[in-house]
Every structure is written in C-alpha cells, then in structure tokens.
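Participant: need a structure here:
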Amino acid sequence: MYSKGVAGRPRGAASYARVGLESDVLSASPHRLIVLLFQGADTAIGTALVHLRDGNVTEKGRAISKALDIVNNGLLAALDRERGGDLAERMGSLYDYIARLLLKANLRNDEDALEEARRLLGDLASAWREVDPGQSQV
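Facilitator: Down below sits the predicted model:
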C-alpha cells in the first residue's frame, strides 16, 4: 500500500518525522533550539561512526559534513560574543576545536576524533540543559 523507503519503512514515515521536527523548531524557544542543534550534531556524529566502521566513505563524509554545519553555522554562529564576553570566546574556541576534530576524523578516518567530538558536544549539551531558563530555579 505504501512505498518503502530506507530500512523498509514507509516513505511517509520520514515525511512525518520531518514535519514533527519542523513543528518543534518553529515553536521552540531559543534555548530549545540550541538543544535541538546539540541533538542533531550527536545524531550526525553517531551516523558518521556507523559509516566509518562499515567502510562507507561517502556517507561518513556526508554525516560529518552535517555535524560540521551544525557546529559552525548553528552552535558557533549562535554565540553572542558581545554579551557573552569571555565565556562566549572560550565556547567559540571549543567549537573551533570540535570542528577541527571532525575534519581530522573525515580526512583520516579517525574514530577517536569522532568520539572525542561527540563527548565534548555531549558534555556541553548536558550543561546547556541544566541552565534551562524556562524552568524555575529553586
């Protein structure tokens, strides 16, 4: 009845998921948008790891490019260097380091570099979720 997409799932499932994500993004607070960027980067790096281990160079590169785009054009671009001061500068340096790890992982098929980038982003994401301005502070 439905045409099958990736992994035998109906093609409509991917469209439905995309609509759900778009709805989440459109209704999200600025804080939630950053959480979504961290989630997207984690997913892209996880996908890159799978493709690296499987020897699928093209898809590995595509996934790493997506993670790089999220880090550079999402997380790094979202920093407010005027109001963020020294913390924003340090975060910017950390995002630059993570981008270099991702490039190294892509060029050298370096699983350790991917794992380190994922760990650093995970630590930042965890800290970011802890400072949710939408939750009351006790």
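Participant: hey, let's count contacts and neighbours off CA atoms from now on
Facilitator: Noted.
Participant: OK, contacts around the residue most central in space within the chain?
Facilitator: The centroid of the chain falls nearest to A41 when counting by Cα atoms, centre = their mean (1.2 Å). Counting by Cα atoms under 8 Å, 6 or more residues apart in numbering, A41 makes contact with 66-68, 70-71, 121.
Participant: the helix or strand containing it: which residues count as buried?
Facilitator: In the assignment (DSSP states H and E), A41 maps to helix 30-54. By neighbour count on 16 or more other Cα atoms under 10 Å, the buried set for helix 30-54 is 32-52.
Participant: same deal with stretch 68-86?
Facilitator: By neighbour count on 16+ other Cα under 10 Å, the buried set for stretch 68-86 is 68, 70-72, 74-76, 79.
Participant: ok, now stretch 118-133?
Facilitator: Neighbour counts using 16+ other Cα under 10 Å place 118, 121-122, 124-125, 128 of stretch 118-133 among the buried residues.
Participant: equivalent analysis for stretch 89-97, please.
Facilitator: Buried, per 16+ other Cα under 10 Å, within stretch 89-97: 91-92, 94-96.
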